[in-house]
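K.L.:
Prediction below, plus the sequence it came from.
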Amino acid sequence: MDQLKRQLHLPGAIVIGLGSILGTGVFVSLAFAAGIVQNAQALLFACVIGGIVAGLNGLSSAQLAAAHPVAGGTYEYGYKFLHPLAGYIAGITFLLAKTASAAAAALSFAAYLLSALNGPQHTLAHITIAASAVILLTALTLLGIKRTNTLNAVIVTCTVLGLLAFITVALTIDPTQGMVSIGRPTIDAHTLAFASAIVFVAYTGYGRIATMGEEVVNPRRTIPRAVVITLFIAMALYLGVAYAATQAVGVTNFGLITGGATSPLANIVRDVPWAFWLVSLAAITAMLGVLLNLILGLSRVLLAMGRRGDAPAATARLNADRTTPFIAVIVMGAAILAVVFTGNAKAAWQFSALTVLVYYALTNLAALRVPAHQRFIPRIISWAGLVSCLALAVFIPWQTWVIGGTMLAAACLYRVLWRRATRST
């Protein structure tokens, strides 16, 4: 079986993680969460809760990636430590969750670009630009990871500078001159949990580090360090942005901004031209970075599924220098493109929240089965991660559960029929 080359060191792994995290989550989904909680303190709590849950899951992912460093993430871990069906469900939920996230990133990229150019939102142009981005980055991914990782470094630098500029300028805005809104005096537990689930998805880019475990040098040491450093940086930035945004315009208006356009951070600093353009540029490049890294992660999971026969064997083919699963990249690019044509970034993000929580619940279950001699984190961390994922998933709206459950049931039925067909031939 062909193996991918190990070529990622710690800095490159951190760049992959930050390039996956700092995108739709910080530039769009914080406003989604603000619209849910309607309370500035609750929004900050949601950022902390989401970050803690991500940290628990990240450590479980790191434990698994160190013990079984192959491409495929929890799909492979489920097979090895749980049951083939658990592994398959993990693979399907990952593909569903991150295809939706990638589509949300593409649509948000288009929204920020149109906002910067004063173009119309939610039009055919919006979808066309998003679709073009998917096609372009799918082609770029086919060129190999070395080129895309260099681009990630540039994107992450632009993103961090843009977010720091936003925080600095937003904190200087006099709220009495802008849109002020006082949050509710109490924090509702149900909406806090729902918002935490929405924000949690914004942290899960660290999973790209684990799903690329086959390509990381010294994975037992590199992956855990990269996950912890990546999440620490992301949480600091998320808290800074959430606090600055709610101080500038009030939490209610921060949430409402997303109703009219999906470029909330740029809209807050629109009256400061240099900051508006820097934040817009950072958002545009960040969305592209997230989309790029999601295509990478999705293709690696589909590669692993193709190797095991849970997807067509062609998806396991590598290019000549063994750096890219080119069929898997094309297939996932096409799947993202299909979701983009729905044109609804918020719905895609909410669907992603449910499926990614199921995925990481399975991750924690698998981590609990790692033998003692291979462990470097205590089992209580994985137990806490499992319980927190299931607890947050309960607060996702039932309509999303119906859609997700139906798609997962259909995928399992396909697997049963596919296995029977292949055995009979």
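P.N.:
Ah, there it is.
K.L.:
only C-alpha atoms for contact and neighbour calcs from this point on.
P.N.:
OK.
K.L.:
could you point out the longest helix in this structure?
P.N.:
The helix spanning the most residues in the chain, taking DSSP state H as the definition, is helix 273-308.
K.L.:
which helices and strands does whatever helix or strand Thr355 lives in pack with?
P.N.:
Under the criterion DSSP states H and E, the helix or strand holding Thr355 is helix 345-367. Where contact means 3 or more Cα pairs under 8 Å, 6 or more residues apart in numbering; DSSP states H and E, helix 345-367 is packed against helix 40-67, helix 74-81, helix 84-116, helix 189-203, helix 379-393, helix 398-423.
K.L.:
follow-up on the earlier one: buried stuff in the longest helix of the chain?
P.N.:
By neighbour count with 16 or more other Cα atoms under 10 Å, helix 273-308 contains the buried residues 275-308.
K.L.:
Which helix or strand lies directly C-terminal to it?
P.N.:
On the C-terminal side of helix 273-308, the closest following helix or strand by DSSP H and E is helix 326-340.
K.L.:
quick one: that following helix to helix 345-367, angle?
P.N.:
What separates the directions of helix 326-340 and helix 345-367 is an angle of 140 degrees, with axes from the mean of the first three to the mean of the last three Cα atoms, to 10 degrees.
K.L.:
before we move on, back to that, got the buried residues for the helix holding Thr355?
P.N.:
Of all the residues in helix 345-367, those buried under the rule 16+ other Cα under 10 Å are 345-346, 348-367.
K.L.:
Can you give the distance from that helix to the centre of its chain?
P.N.:
If you compare the mean C-alpha spot of helix 345-367 with that of the full chain, they lie 10 Å apart, counting by Cα atoms, centre = their mean, to the nearest Å.
K.L.:
average pLDDT for that helix?
P.N.:
Over the span of helix 345-367, the pLDDT mean works out to 90.
K.L.:
now the angle between helix 398-423 and that helix, please.
P.N.:
Regarding helix 345-367 and helix 398-423, their directions subtend 60 degrees when assessed with the same axes, to 10 degrees.
K.L.:
mind checking pLDDT for the closest residue to Val301 other than its chain neighbours?
P.N.:
Distances taken as Cα to Cα, 6 or more residues apart in numbering place Gly72 nearest to Val301, at 4.1 Å, with adjacent residues excluded. On the pLDDT scale, Gly72 is placed at 70.
K.L.:
So Gly72 belongs to a strand, correct?
P.N.:
No - looking at Gly72 with DSSP: H, G, I helix; E, B strand; the rest coil, it is coil, so not inside a strand.
K.L.:
Let me know the distance separating it from Tyr79.
P.N.:
From Gly72 across to Tyr79, the span is 11 Å (Cα to Cα, to the nearest Å).
K.L.:
I am finished for the moment; much appreciated.
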